[in-house]
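# Here is my input; please provide its structure:
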Amino acid sequence: MRLKLRAWDGQKVCEVKNIEFTKDGVVVTKDDDYFGYAGSDIKLMQSTGLYDKKGQEIYTGDIIKYCSGEFDDQGHWHKYEYIEPVELEGGCFYPVCVGLPEDFEVIGNIYDNPELLK
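Model prediction:
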């Protein structure tokens, strides 16, 4: 898988064109324009390489909605809906590593839509 990134610049999410590692830090560019240094006001978001049920690429920092369920002792099915951010944890993109991508729907990201997590 090829590393694919996008970045939050404090106002919007943009595709990353290039990353350069310098002695001063990590320089991020978009569309051949200087963007800034990663870690300052710029937050990088890595692609998981997966797509949600609508065909949208899933990145770290995206907020996804998915359903899960379980049977109780009487054999009744209980369905639960979850809304969670995608995070890289222990080499795994949680929660997309524990389900099928077609079960997930990207509904926003933690920078543009933090209210979705409340």
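# Which residue is the nearest non-sequential neighbour of Tyr80?
Nearest residue to Tyr80 in three dimensions, chain neighbours excluded: Ser68, at 5.4 Å (CB to CB, 6 or more residues apart in numbering). C-betas here are computed from N, CA, C, even on glycine.
# Trp8 touches Met45, doesn't it?
Yes. At 6.8 Å, Trp8 counts as touching Met45 under the criterion of CB atoms under 8 Å.
# Give me the common contacts of these two.
Counting by CB atoms under 8 Å, 6 or more residues apart in numbering, the common neighbours of Trp8 and Met45 are Gly61, Asn109.
# burial count for the nearest residue to Leu5 once chain neighbours are set aside?
Closest residue to Leu5 apart from its sequence neighbours, by CB to CB, 6+ apart: Val16 at 4.2 Å. Applying other CB atoms under 10 Å, we find 20 residues neighbouring Val16.
# Same question for the one 10 residues further on.
Under the neighbour criterion other CB under 10 Å, Val26 is assigned a count of 15.
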